[in-house]
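> No sequence on hand, only this structure:
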């Protein structure tokens, strides 16, 4: 094909890609090319702007490491993660809503017993979390696998400390035979997503803040049920209305009750403050 111009290049690329054997991939690439080319025409993209865009995406890739996923931050802050999550997790109204996965999950985290202290020495106010895992008809889901992870009181995850050995603020556990779970940790606080890289510069240019409200991440799974990736947020936390990654759902906001002192949920007398919360998860049945 010769002498292609701004009016003929799009169809030429689509036709060139027609040899893609995977039907889904061929469809996705045709749509991607059409939308990219339409965008360039719509804004009359200049060569200088195109070069800056390539430089930005290159910088996003270059800062990525096994413990820092800048492309997830980019997807999150542009709302793409929330869009993809929403279209792929349509559920019955009473099911727990899904939200963004985030960049701080770690695979192959050790399993702990129910009631364990998963903070493993993290700094913060003692935090006792409990609840149940049930299905859409109210049935308890015994032995559901529950993975939890969160930041410390300074807003940092364990993977953000290169000198740290072992897991802190994260663990995998199983609900009991009645679908109940409980564990101890420390109360996470609001934190800014990593903003010392290209995504941070983008937010600064857009006059947007990088902050997230206080939350815990959860991933739940059980045979016969859809996997759920979600958070629970602290009622009254800052940034609930302006979460940098658009992850807040009203149904995921709950009371984190502050206690000045007294008897903890584990029956221990303490003169120090602690916090308790309860959240009951409802999983959707797996589609046949």
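Sure thing, it's come through. Please read all numbers here as calculations on a predicted model, not as lab measurements. Residues are numbered from 1 along each chain as shown.
> what's the closest non-adjacent residue to the residue nearest to the spatial centre of the chain?
Nearest to the mean C-alpha position of the chain, counting by Cα atoms, centre = their mean, stands residue 101 at 2.4 Å. The shortest distance from residue 101 to any non-neighbouring residue, by Cβ to Cβ, 6 or more residues apart in numbering, is to residue 229 (5.3 Å). (Glycine included, C-beta is placed from N, CA and C.)
> again, but for residue 113
Excluding the flanking residues, the one nearest residue 113 by Cβ to Cβ, 6+ apart is residue 173, at 7.0 Å.
> likewise residue 219?
Using Cβ to Cβ, 6+ apart and skipping residues adjacent in sequence, the residue nearest residue 219 is residue 147, 4.4 Å away.
> Can I take it that the one you found is in a strand?
Yes: counting by DSSP: H, G, I helix; E, B strand; the rest coil, residue 147 is found in a strand.
> Help me confirm that it comes into contact with residue 227.
No: under the criterion of Cβ atoms under 8 Å, residue 147 makes no contact with residue 227, lying 10.2 Å away.
> Pick out whichever of those two has more residues nearby.
Ranked by neighbour count (other Cβ atoms under 10 Å), residue 147 and residue 227 place residue 147 first, with 19 against 14.
> anything in contact with each of residue 147 and residue 227?
Taking Cβ atoms under 8 Å, 6 or more residues apart in numbering as the criterion, residue 147 and residue 227 both touch 219, 220.
> what ranges do the helices span in the stretch 151-288 of the chain?
According to DSSP state H, counting those that start in this stretch, the stretch 151-288 of the chain carries its helices in the segments 198-205.
> Can you list the residue ranges for strands in it?
Using DSSP state E, counting those that start in this stretch, the strands of the stretch 151-288 of the chain run over 170-174, 180-186, 191-192, 211-212, 215-221, 228-234, 253-254, 257-259, 262-263, 269-270, 274-278, 281-283.
> Quick one: residues contacting the residue nearest to residue 113.
Taking Cβ under 8 Å, 6+ apart, we find residue 173 in contact with 111, 112, 113, 114, 116, 145, 146, 147, 148, 181, 183.
> just to revisit the earlier point, might you report the residue contacts of the residue nearest to residue 219?
Going by Cβ under 8 Å, 6+ apart, residue 147 touches 109, 170, 171, 172, 173, 218, 219, 220.
> any chance of the contacts of residue 173 in TSV, with pLDDT and distance to residue 77 too?
Below are the contacts of residue 173 laid out as TSV (pLDDT from 0 to 100; distance: Cβ to Cβ, whole Å):
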residue	pLDDT	distance to residue 77
111	96	33
112	97	32
113	97	37
114	97	36
116	97	34
145	98	30
146	98	28
147	98	24
148	98	24
181	98	31
183	98	30
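> In TSV: these, plus distance to residue 125.
Formatted as TSV, the contacts of residue 173 follow (distance: Cβ to Cβ, whole Å):
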residue	distance to residue 125
111	26
112	20
113	23
114	21
116	18
145	27
146	22
147	22
148	17
181	21
183	15
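> Got a ChimeraX select line for the buried ones in those residues?
Typed into ChimeraX, the line below selects the buried ones among those, using 16 or more other Cβ atoms under 10 Å:
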select :112,116,145,146,147,148,181,183
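> Give me the contact list for stretch 26-34.
The contact list for stretch 26-34, computed with Cβ under 8 Å, 6+ apart, reads 10, 13, 14, 17, 18, 20.
> Would you mind checking the average pLDDT for that stretch?
Mean pLDDT, computed over stretch 26-34, is 98.
> Going forward, the N-terminal residue is numbered 24.
New numbering, starting at 24: the last item is stretch 49-57.
> Show me which positions of it end up buried.
52, 53, 56.
> Let's have these in JSON lines, adding distance to residue 63 and secondary structure.
Putting the buried residues of stretch 49-57 into JSON lines (distance: Cβ to Cβ, whole Å; DSSP: H, G, I helix; E, B strand; the rest coil) gives the following:
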{"residue": "52", "distance to residue 63": "16", "secondary structure": "helix"}
{"residue": "53", "distance to residue 63": "16", "secondary structure": "helix"}
{"residue": "56", "distance to residue 63": "11", "secondary structure": "helix"}
